[in-house]
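Enquirer: Next input, structure requested:
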Amino acid sequence: MKNNKLYIILLLLTTLLCRQSLAQIFAEDTLSFCRQDSVMLDAGLGFSSYLWNTGETTQTIWAKRSGWFRVATATVIDSVLVDLNRTKIRQNDTIVCYNADFTLVMDNTEPYCLTGDYPFDDGDYSDHSGYGNDGFSPISFSSIPNRNGEELMAMYFAPSFITPPSMSCIRIVYNPDQDITNSFTLHCWIKPDTVYGNFAGDNVYYLINKWRPLEKEYSQCSYCLAINNEGKIIFMSCDGTQKQEFVVENTVVQPGRWTMVDVVCSLNKLSVYLDAQRVLFENIFVYPQVLEDVDVFLGASCSEEPYHNYQGGFDDAKIYTCDLGQNEINNLYENNVTYNYNYLWSNGETTKDIVVNPTEPIEYSVVVSNDVNSCSDTVFLEVYPELALSVSQMKMGCPNTSVGILMANASGGVPFKDADTLPYVYSWPAGYPNSDSLLYRLPAGKYEITITDSVGCSVTVEKEVLTYPKLEIEISATPEKIYPQNPEVDFSAEISCDSCYVYEYKWDFGDGYFSDEATTTHNYGIFDKEIYAEFVVTHYQTYEDGCIDSASIILPVAEPQLKIPNVFSPNGDGINDTFDITITDDEERTLMDVFTSNTLVVYNKQGKKVFSQNNYTGSPGEFDGAHLSDGVYFYVLKCSGVRGDDIYKGYLHIFRNSLPANN
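Expert: Coordinates of the predicted model:
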């Protein structure tokens, strides 16, 4: 009998020990799931009390996020790592446009306990704007780049301190999912001014709060993350009857610098992190109370005095109704997400989201992994038929005109089938007349046309409208001056456009006379030199489609300046061997270019003619004095033109051996 009693006692002890053993250790140290949003955790039967790090006191709880979960019973404490790899490709199997950019987006991987987020992912700021001193009137904020340098993503709170002062806050409208109790995380980035909290009623600026500044009205208070006038971070918690305040004494937030601030409550412990480094770890016994229909405010309390208007940059505020661990805080600091996943797509890319542009049906897959497990997801993309578009220029205008016409030719895709509807929708640039596939009255330039088919696929083509080229006429005149005694000039022109067909020419010589020859000679005759100091010559050419191009030159009127030598040495040494007469202001011209005719006569000292020549050009070799002895001679140069004769006289010295040193 005694043995039976002993057996029963041993059996009961064994059963109790086994039951306690099951409660002490979860079935596994790590629970991993793919695309599952929650898992039930069971601490086992047989314990008089349960306390989870979520604050729950039941035997079982639902874990709705990844992280460590700890349970304390009357006799044992155990924990388990839950990994809910919820990330998946947001798109289902779908049809995409041919070769169009299509972004495959990974669904949000943040925990479901992320209940408040600013800036807002959906871009809807209608209920999340700034409010004035009445708590409701919208006010504007100064926008500054966020901590990553992205424009218009952060806000700069700049309240005024006039009476009454303007509020400078952002209101996140009440959502019961945002109520936090004994497990929560408050997260934000701040870049305070040097004023810190100097203008607040009690030297404290509010950052994230459900709080009313009158301390005795605890019924209105829940929690407040703040910064005081010394740059120290403060967290205040209120349960409706009392409050608890925590000040980070040993660390100051630097002004003009972005700093990440996190407050994490895990059951009865409160941690404060600055840039992912824990700077406070204290017991907490006063937890935030639930305040129904009370909004969350960022940057101030947006309530009655005393005012608590934060001044400075504010970015990326998040409210979690769960506690985050050190790894999650680190990930927030590095990546702005709590879960640090790695992505490997079937096309080799490793970014979270990828842009694809398929031209044929294709399946994309992605493997999402972390240190605990890996999951995969796939999506199949069907492709609509290719939508093709060609654009041609139907009319080409002259330079600087607006007569160009473009015509679009579309095919493929999924055209509209309605008889009253065109197969495609044509979108041309604004400001020009068009009729469906045609665009009119276009100057030279680039234009884009977009066509869209019945399923929304589109294709855009850029087409450059060309005009006929300018001829780039270059006029040549010989000579390039008009000499009154011989005012005849030869004109010609060249163009740079080899392919242009010119069929009409016109010269305007600037004196009332014209010519329609391609090349021509014009004699200006006798004109009034007092009136005409120069002539403007314009040449016109008519070419493709009646286009006209022109160019002009200016021909100055110039009296020739003759350089007549008074000595030369015909000794064959190549230096001053001949009697050369040049035009000093136009060395390419000769006497016959500037006068219509001339006669040169040379006499010796006895007055006997020793040389005579009509139409002397003055070129080398015409008169070399070969038969004349050294000595002094006299010359007479008679130059004739349309205005009469010009006579030039002078002495000429011939030194056959060498020239004197001073000559």
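
Enquirer: And the average pLDDT for stretch 455-466 is what?
Expert: Average pLDDT, stretch 455-466: 95.

Enquirer: Any stretches of the stretch 51-200 of the chain with poor pLDDT?
Expert: By pLDDT under 70, the low-scoring segments of the stretch 51-200 of the chain are 119-145, 149-154, 156, 158-168, 199.

Enquirer: for residue 355, what are its contacts?
Expert: 101, 102, 103, 104 (CB atoms under 8 Å, 6 or more residues apart in numbering). For glycine as for every other residue, the C-beta is placed from the backbone atoms N, C-alpha and C.

Enquirer: measure the nearest residue to the last one once chain neighbours are set aside to residue 486 for me?
Expert: If I follow you right, that is residue 104. Residue nearest to residue 104 in three dimensions, not counting chain neighbours: residue 354, with 5.2 Å by CB to CB, 6 or more residues apart in numbering. Counting by CB to CB, to the nearest Å, the gap from residue 354 to residue 486 is 82 Å.

Enquirer: Repeat that for residue 278.
Expert: Per CB to CB, residue 278 is found 102 Å from residue 486.

Enquirer: So between the two, which is more surrounded?
Expert: Neighbours per residue (other CB atoms under 10 Å) separate residue 278 from residue 486, with residue 486 holding more: 24 against 13.

Enquirer: What segments of the stretch 51-200 of the chain are helices?
Expert: Assigned by DSSP state H, counting those that start in this stretch, the stretch 51-200 of the chain shows no helices.

Enquirer: how about the strands of it, start to end?
Expert: Here the stretch 51-200 of the chain has its strands, by DSSP state E, counting those that start in this stretch, at 60-63, 67-73, 77-85, 94-96, 102-104, 114-118, 130-131, 138-139, 142-144, 154-157, 169-172, 183-192.

Enquirer: The ones you listed into CSV, with extra columns for mean neighbour count and distance to residue 619?
Expert: As requested, the strands of the stretch 51-200 of the chain are exported to CSV (neighbours: other CB atoms under 10 Å; distance: least, CB to CB, whole Å):
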stretch, mean neighbour count, distance to residue 619
strand 60-63, 16, 111
strand 67-73, 19, 105
strand 77-85, 18, 100
strand 94-96, 14, 83
strand 102-104, 16, 82
strand 114-118, 20, 93
strand 130-131, 22, 92
strand 138-139, 12, 92
strand 142-144, 13, 81
strand 154-157, 22, 85
strand 169-172, 23, 94
strand 183-192, 24, 87
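
Enquirer: how about these in JSON lines, adding distance to residue 270?
Expert: Formatted as JSON lines, those follow (distance: least, CB to CB, whole Å):
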{"stretch": "strand 60-63", "distance to residue 270": "21"}
{"stretch": "strand 67-73", "distance to residue 270": "16"}
{"stretch": "strand 77-85", "distance to residue 270": "19"}
{"stretch": "strand 94-96", "distance to residue 270": "47"}
{"stretch": "strand 102-104", "distance to residue 270": "41"}
{"stretch": "strand 114-118", "distance to residue 270": "19"}
{"stretch": "strand 130-131", "distance to residue 270": "30"}
{"stretch": "strand 138-139", "distance to residue 270": "33"}
{"stretch": "strand 142-144", "distance to residue 270": "31"}
{"stretch": "strand 154-157", "distance to residue 270": "26"}
{"stretch": "strand 169-172", "distance to residue 270": "23"}
{"stretch": "strand 183-192", "distance to residue 270": "10"}
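
Enquirer: Can you lay out the contacts of residue 355 as a markdown table showing distance to residue 595?
Expert: Shown next, in a markdown table, are the contacts of residue 355 (distance: CB to CB, whole Å):
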| residue | distance to residue 595 |
| --- | --- |
| 101 | 78 |
| 102 | 84 |
| 103 | 84 |
| 104 | 88 |
